[in-house]
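**Q** No letters, just coordinates:
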């Protein structure tokens, strides 16, 4: 399963502090039993949550794990989160989140049902837990040099990786 958390800050002056906090948060999240990987992204696509984190999770049962409950959340940044962009979704459709290398981008498209997008081979994930802010999310990993091809397409957000993929054996 793929867990995605999206957000943005209302105070851009704290962005560097948030980025540092988030890297440590990803490390903590990967230490949770049932969370196998974590990676963080940013976008400048208008109208989209500026920040996204993507995790590989065994199941929704992770949300009930006492250790997870003790480390989840946004810490000192909770009061600075722009609620327009705060979304948390657990998706079925892939067991492992794709790794996005520095020379690649993650395309995301939310939809009421899976749909074709010419030139993009989306994997469609179905929201099954947490906010379920979208019924389906298409994700695709593409070369960064091709990202401009999708920058004008309505509804497709282009996310650049801020971190490498973190795994239990790399924390």
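**A** Everything's here; your move. For clarity, every value in this text was computed on a predicted model and none was experimentally measured.
**Q** Could I get the pLDDT score of the residue in the chain sticking out farthest from the centre?
**A** Within the chain, the residue lying farthest from the chain centre (CA atoms, centre = their mean) is residue 118, at 23.2 Å. The model reports residue 118 with a pLDDT of 83.
**Q** out of all of them, which helix in this protein is the longest?
**A** Determined from DSSP state H, the single longest helix within the chain is helix 15-30.
**Q** ok so, going back, give me phi/psi at the residue farthest from the centre of the chain?
**A** Phi and psi for residue 118, reported as degrees, to the nearest 10, are phi -50, psi 130.
**Q** Next, the contact list for it, please.
**A** By CB atoms under 8 Å, 6 or more residues apart in numbering, the contact set of residue 118 is empty. For the C-beta atoms, the positions are set from N, CA and C on the backbone; glycine is no exception.
**Q** now swap in residue 85 and tell me
**A** Contacts of residue 85 were listed using CB under 8 Å, 6+ apart, and they are 6-8, 48-51.
**Q** before we move on, back to that, separation between the residue farthest from the centre of the chain and residue 156?
**A** Shown here: residue 118 relative to residue 156, a distance of 11 Å by CB to CB, to the nearest Å.
**Q** repeat for residue 7
**A** Residue 7 is 19 Å from residue 156, by CB to CB.
**Q** related to what we said a few turns ago, now, which of the contacts of residue 85 sits nearest residue 26?
**A** Distance to residue 26 across the contacts of residue 85 (CB to CB) is lowest for residue 51, with 11.9 Å.
**Q** Could you check the pLDDT of that closest one?
**A** According to the prediction, residue 51 has pLDDT 96.
**Q** Same question for the one 3 residues further on.
**A** At residue 54 the predicted local confidence, pLDDT, stands at 98.
**Q** Use 35 as the first number for this chain going forward.
**A** Got it, first residue is 35 now, which makes that one residue 88.
**Q** Without its sequence neighbours, what residue ends up closest to it?
**A** What sits nearest to residue 88 in space, not counting adjacent residues and going by CB to CB, 6 or more residues apart in numbering, is residue 131, at 4.8 Å.
**Q** So what's the residue count around that neighbour?
**A** Residue neighbour count, defined by other CB atoms under 10 Å, stands at 25 for residue 131.
**Q** Which helix or strand contains it?
**A** Under the criterion DSSP states H and E, no helix or strand holds residue 131.
**Q** Residue 96: what secondary structure?
**A** helix (DSSP: H, G, I helix; E, B strand; the rest coil).
**Q** thinking again about what came up before, which ones among the contacts of residue 119 are found in strands?
**A** Counted as lying in strands by DSSP state E, out of the contacts of residue 119, are 40-41, 85.
**Q** Save the residues you listed as JSON lines, and put in neighbour count and distance to residue 106 too.
**A** Converted to JSON lines, these look like this (neighbours: other CB atoms under 10 Å; distance: CB to CB, whole Å):
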{"residue": "40", "neighbour count": "23", "distance to residue 106": "15"}
{"residue": "41", "neighbour count": "23", "distance to residue 106": "13"}
{"residue": "85", "neighbour count": "24", "distance to residue 106": "16"}
